[in-house]
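Asks: Here's a sequence, model it:
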Amino acid sequence: MKSHCLEFSEPGKVVIRVGPAPQPAADQVLVQTVYSAISPGTEMLVYRGQWPANVSTDSVIDALSGSFNYPLSYGYCTVGQVIAAGAAVSGDWLGRRVFAFHPHQDLFCSNPAILQVIPDDLDDETALFLPSMETAVNLVLDGSPLIGEKVIVVGQGIIGLLTAALLCRFPLAVLSTLDAHPLRREASRDLGALKCFDANDPEFFTALGGVPGQGGEADLVYELSGNPKGLSTAISLTRYSGRVVIGSWYGVKKVDLDLGSFFHRGRVSLVSSQVSSLAPELTGRWQKSRRLHLAWEMLRQVRPSGLITHRFSLADAPLAYALIDRSPGETIQVIFDHQPADSR
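Replies: All right, here's what the predicted structure looks like:
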């Protein structure tokens, strides 16, 4: 048996490295991957060569620890089944369906302590959305939406869509979403966002209550577009003393902000949100385990597997990344199906 692992060899290029099947150590299990998902945000920064210098690949995921240098394996949405266990691991692990924060690889070894057992009532494709849903939960926690507030989500990629799906469950005055791509606006409506605006429409700013130089009507705006211009848009749509939660990571892309008109006098708060940590003011009551448990529950309620727009074999990985890079409006969630072609 051989192992196949996706590797970013240089910006704009991915290859599949073939090697011998790994053998689990005494305290490890061997996982055979069924599906893995491409992160259209962070992972595409790696593909495009937009990762900032001197920033580690990840500070909390064991499989991604270390400095950033090409070539490298990157990814953190993997679902599979335990097919072998080391001598020190309970045999109960054999056959379990698990989620792993692990790069795209069809066979890999892991300490079972860092695997997430998939609940029996969730299918494998739904489980793929665990990291994205956990991020959405974290964004909602950081934004602290209140009853009767007006909220806008800028960007309806997978994170924006899941965040909007959670916000739809709050008794807000109004929830509006903004995106340039029709496919994503349609998905936003399907998830419950009744007011979805086209970012390419010159009238969207006025329609969302914005007044040039005077801010807008939103109490809370989420910037989740991944586009640096989205942050200026978010600030300009926020009302006096409102807050903007920034979930986008722009990598090396520079942000040009207008902080000289409404922002200063408007007392707008900018909040950085990143899923690797919880807001300090929440840590007396919230732990990552509680957040993760809630993410599983939200997957049960939202059932986001319908957001998968494309499936590729791992061998066709170059086509998958090229599609996301060149035609983002055609995709929402792209996944790899690691199963043999005759068993799909």
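Asks: quick one: average pLDDT of the strand or helix carrying P131?
Replies: Assigned by DSSP states H and E, P131 belongs to helix 130-143. Here helix 130-143 scores 98 as its mean pLDDT.
Asks: Give me the residues contacting stretch 96-104.
Replies: 5-6, 31, 33, 36, 61-64, 73-82, 108, 110, 114-118, 124, 127-128, 130-131, 314, 317, 336 (CB atoms under 8 Å, 6 or more residues apart in numbering). C-beta here means a position set from N, CA and C on the backbone, and glycine is covered the same way.
Asks: cutoff 7 Å now
Replies: 5-6, 31, 36, 61, 63, 73-76, 78-82, 108, 110, 115-118, 124, 127, 130-131, 314, 336 (CB atoms under 7 Å, 6 or more residues apart in numbering).
Asks: what's the first-to-last distance across that stretch?
Replies: For stretch 96-104, the separation between the terminal residues is 19 Å (CA to CA, to the nearest Å).
Asks: Pull out the buried residues from it.
Replies: For stretch 96-104, the neighbour count (16 or more other CB atoms under 10 Å) marks R96, R97, V98, F99, A100, F101, H102, P103, H104 as buried.
Asks: for the residues you listed, which one is nearest V275?
Replies: Nearest to V275 out of the buried residues of stretch 96-104 is F101 (CB to CB; 10.9 Å).
Asks: What separation do you get for the closest one and G192?
Replies: Distance of F101 to G192, given as CB to CB, to the nearest Å: 28 Å.
Asks: I'd guess T309 is in a strand, am I close?
Replies: Yes: under DSSP: H, G, I helix; E, B strand; the rest coil, T309 sits within a strand.
Asks: what's around it, how many residues?
Replies: Neighbour count for T309, taken as other CB atoms under 10 Å: 14.
Asks: and it, what is it in contact with?
Replies: Residues counted as contacts of T309 (CB under 7 Å, 6+ apart) are T331, I332, Q333, V334.
Asks: Which per-residue confidence value corresponds to the third one?
Replies: The model reports Q333 with a pLDDT of 98.
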